[in-house]
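Asks: Okay, here's the prediction I keep looking at, along with the sequence it came from:
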Amino acid sequence: MSDLTKLTLEAALAGMAAGDFSSEELTKAHIDACMDGADLNAFITTTFEDAIESAKASDARRKSGEVGLLEGAPLGVKDLFCTEGVKTTAGSKILGDFAPPYESSVTANMKADGMVMLGKLNLDEFAMGSSNETSHYGPVINPWRKGEDLVPGGSSGGSAAAVGADMCLGATATDTGGSIRQPASFTGTVGIKPTYGRCSRWGVVAFASSLDQAGPIAKTVKDSAILLESMAGYDPKDSTSLNIDVPKWSESCGKSVKGLRIGIPKEYSIDGMPGEIQSLWDQGIAWMKDAGAEIVPITLPHTKYALPAYYVVAPAEASSNLARYDGMRYGLRVDGKDLTDTYDRTRTEGFGKEVRRRIMIGTYVLSAGYYDAYYLRAQKVRTRIVQDFENAWQTCDAILTPTAPSAPFAVGRKLNDPVKMYLNDIFTVTTNLAGLPGISVPAGLDADGLPLGLQIIGKALDEDTVFKAASALEKAAGFTAKPEKWWK
Amino acid sequence: MFTAERVGNPRDYIKGETGDWEIIIGLEVHAQVASNSKLFSGSATEYGQAPNSQVSLVDAGMPGMLPVVNEFCVEQAVKTGLGLNAQINLFSRFDRKNYFYVDLPQGYQISQFEHPIVGEGEIDVLPIDADGNTLEPVTVGIERLHLEQDAGKSVHDLSPDETYVDLNRCGVALMEIVSKPDMRSPEEASAYVDKLRGIVRALGTCDGDMEKGNLRADVNVSVRKPGGELGTRCEIKNVNSLRFIRQAINYEARRHIEIIEAGGTIDQETRLFDSEKGETRTMRSKEDAHDYRYFPDPDLLPLKLEQSFVDRVKSELPELPDQIKARFMDQYGLSEYDARILTADKTKSDFYESVAKGRDAKIAANWTMVELFGALNKAGTELEDSPVSADMLGGLIDRIADKTISGKIAKEVFERMFGGEGDADTIIEAQGLKQVTDMGAIEKMVDDAIEANAAQAEKAKDNPKLLGFFVGQVMKASGGKANPQAVNEILRKKLGL
């Protein structure tokens, strides 16, 4: 029975369709895996009893011929998505035992499609972090371990670890500067951030509204396409949601990339990048060429300004988005001698160090006298970055880059060096700033046997090409490595 | 930005110890958009409901909640902009104004800072002095109009050590209408607000109810030597009646003059008006001023309007007070004064138009203004609650026109009508007030009067003024019901005048 957790989502859905096993059996197998993996700390809240009930209900639906896109699949939900009646923490102490009376649009879509939710996955506090170490609920441990505890990346570290350790068939995640793709790269999983506006942000705890975008972390490119088909869709409750149809992306996977022009941006060869990552990138280029794609050198000249611009825009929006956590209506409240003191105590105790740092950065860059020099300037950079990509699309259809500049690192190593930590996002933030789709595909192992990912960036709304290129890469890489199950 | 070029009328200067001072006034009027739902959530906006009964997840600032702009509120703002002869900006944007307070659950107010939906415009204002005389018209520039959310309400008096918060008002749409600093007297300022009120009411974009705070003004006041350098201004927050606006400006201007003349300087600050004491007092100084950290709200897309939409709204605009007034002067031949009184608001102009329809316009104007408005004023009743409807007043005028009653009797009928005794015909019938037009009967009364006053009748030939005396006698005998024209005619003949 434990074999069921080795299945891909696609295979599991097929198995249930063929009557090989039920959702209940599949779900129980995953619950066992989750319990085995408790030490990875991937979950903040588990909802196993509800999961079994949902699985039974799913099996009943299937019998009556009602089969949704994700029918009966046990999945995890990043604890940034509000789930009705289930504690939603955003990885923060400040939300306390908050259990929203509403369901995020994305998870509502998935539930309507038959998802069985196993629980809420750990993450960096308010999705601010690249290692999952800023969570109030403790760090997530990467299932890929070599002698010491490694981080799974962040902020969707719980999602990536849970999928990487076969604790769930797939998971929701969110990506503001790389929070889906970098942890996917760190855990040998696939993660896609779709075009900004594909997935509704309604009911997702906001970090930086103009950059936040939900997407899945999955075991394969096709699994990620299936999940995204369910998650995406127009939502009139989100003004930035795109009113366009959701294509059958799963059908794009495996299609030929012959003649596809793949851009290679020279600015992504950065100083200090491990040679292994450069080699993997070169390998990726060769694979794409072998698959029939045309390789085109391109230039994205404003790349070097992306990270600083991102670390102005994202904290600015966050400083305002997080103002609502004031201890007045829900979550933690620490009473003080007056209103201001209550605000101070609540927010000092409720927010962790990294969140407080970003609130301060954001408040600073929006302050009178600094706004023009920081926020406005960063927005100008953003426009240039969009323009860079526009220019690139004149000569290519998709772009191939490494996902992250390093392999998973040890817990605690970068926690006290924010700048070093922020550098993790260097290859991923550009797509957030430009609103473009980007996917990370596991492509190889480094000398220590740790996974490394490559990224495909596509044109806005052209997830179709992204999935096509990603599955070509996946096929060529033949990445089948799995972490050894040391945790039990 | 602050170009106060206009020099006011010396009549409005305030005499200080060092000479004349001129007041410079600019206003920020907050007008609640007439809309059934809030600016960014579907919650209802009805006034006076149970606390926190009209609050959505968005209004309460719950995690992950997002605003969606209410298109009707946008249309109301555009309509108002057009009514202010202002530029409609096809591109506008919502910004966040960040500050912490218990009645602001999101921790920011969504407003429009850099790109308001409405730009510059202007309106003509007719100030009225304390005696009710119309002064020279003044053109007041509109700087901008923008949409923003209202905050909730903090209630401090339910408990000695706790503050209660009612979020019903939180998220309700407001239009902030910012004037240029073009006003030079308290009368001009209150006339401006009155004019704005008339416009938004005519447009149906705000109910203009100042008592409920649905239209309130932040008043910026400074003083200077006439035509000289501008002084430092103070802002008086949330003044909610025309009278308070005048009082607050008067108090504030004199306070400034007193300080400056005593060698002091004015601190730029935000003040409150205490309507009981008739004073303003410090709310917060410039040092305490918030840094609101405005930035474009990333949850909302920029607001882009089509010109065709603006054109459509424009084509559907109702007649505005100024247009109605001009039409009344033209169509009904009314004086500027009468037209102004009768077009002070939509209820009045509608009332007058139905009274005047098919009747003598000037008589209709007189009866409406002098008798009805006079009686309402005396009774302290609004026209909306008038016991005399337009139809009833028209019916009364009809009975004068068809000579059923005289104008004098008509006043008696009106009084009874106002007292609730029914329409004109009912009262005339019940009281037997029908005018006597039977020539034989009148002749008999004339004869009786001449006979009873033979000596006077003799003198009448030399002193025609005595005619009045005889008319009076006959009218008295008829109980006021004799047709005065007929009485006159017959008397002249009989007295040989």
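Replies: Yep, that arrived. Residues are numbered from 1 along each chain as shown, chains lettered A, B, ... in the order given.
Asks: helices or strands next to the longest helix seen in chain B in the packing?
Replies: Secondary structure of chain B read by DSSP state H shows that its longest helix is helix B:242-261. Counting by 3 or more Cβ pairs under 8 Å, 6 or more residues apart in numbering or on different chains; DSSP states H and E, the packing neighbours recorded for helix B:242-261 are strand B:14-16, strand B:19-32, helix B:186-203, strand B:215-224, strand B:234-239, strand B:269-274, strand B:279-285. In short, each C-beta sits where N, CA and C put it, glycine included.
Asks: redo that, cut-off 6 Å
Replies: Helix B:242-261 sits against strand B:14-16, helix B:186-203, strand B:215-224, strand B:234-239, strand B:279-285, with contacts defined as 3 or more Cβ pairs under 6 Å, 6 or more residues apart in numbering or on different chains; DSSP states H and E.
Asks: Please identify which of these is closest to residue A:453.
Replies: strand B:279-285 (53.6 Å; Cβ to Cβ).
Asks: Is that closest one in proximity to chain A?
Replies: No - Strand B:279-285 lies apart from chain A when judged by Cβ under 6 Å from any Cβ of the partner chain; the minimum separation is 13.9 Å.
Asks: Remind me what the next helix or strand after that strand packs against, helices and strands.
Replies: Under the assignment DSSP states H and E, the closest C-terminal helix or strand after strand B:279-285 is strand B:295-296. Using 3+ Cβ pairs under 6 Å, 6+ apart as the contact test, no helix or strand touches strand B:295-296.
Asks: Apply 7 Å and report the result again.
Replies: Counting by 3 or more Cβ pairs under 7 Å, 6 or more residues apart in numbering or on different chains; DSSP states H and E, the packing neighbours recorded for strand B:295-296 are strand B:95-98.
Asks: So what touches the strand it packs on?
Replies: With contacts defined as Cβ atoms under 7 Å, 6 or more residues apart in numbering or on different chains, strand B:95-98 is touched by A:320, A:323, B:107-114, B:292-297.
Asks: Mean pLDDT lowest where, among the helices and strands packed on helix B:242-261?
Replies: Mean pLDDT values for the helices and strands packed on helix B:242-261 show the minimum at strand B:279-285, a mean of 89.
Asks: Get me the contact residues on chain A for chain B.
Replies: Residues of chain A lying near chain B by Cβ under 7 Å from any Cβ of the partner chain: A:82, A:100, A:102, A:104, A:201-206, A:209-210, A:236-240, A:316-317, A:320, A:323-324, A:326, A:328-329, A:339, A:343, A:363, A:366-368, A:375.
Asks: Quick check: closest non-adjacent residue to residue 421.
Replies: No chain in the question, so chain A it is. With sequence-adjacent residues excluded and distances taken as Cβ to Cβ, 6 or more residues apart in numbering or on different chains, residue A:421 is closest to residue A:414, at 4.6 Å.
Asks: ah, no, chain B please
Replies: residue B:427 (5.3 Å).
Asks: From the contact counts, what lies against the helix or strand hosting that neighbour?
Replies: Using DSSP H and E, residue B:427 sits in helix B:424-431. Helix B:424-431 sits against helix B:390-401, helix B:407-418, with contacts defined as 3+ Cβ pairs under 7 Å, 6+ apart.
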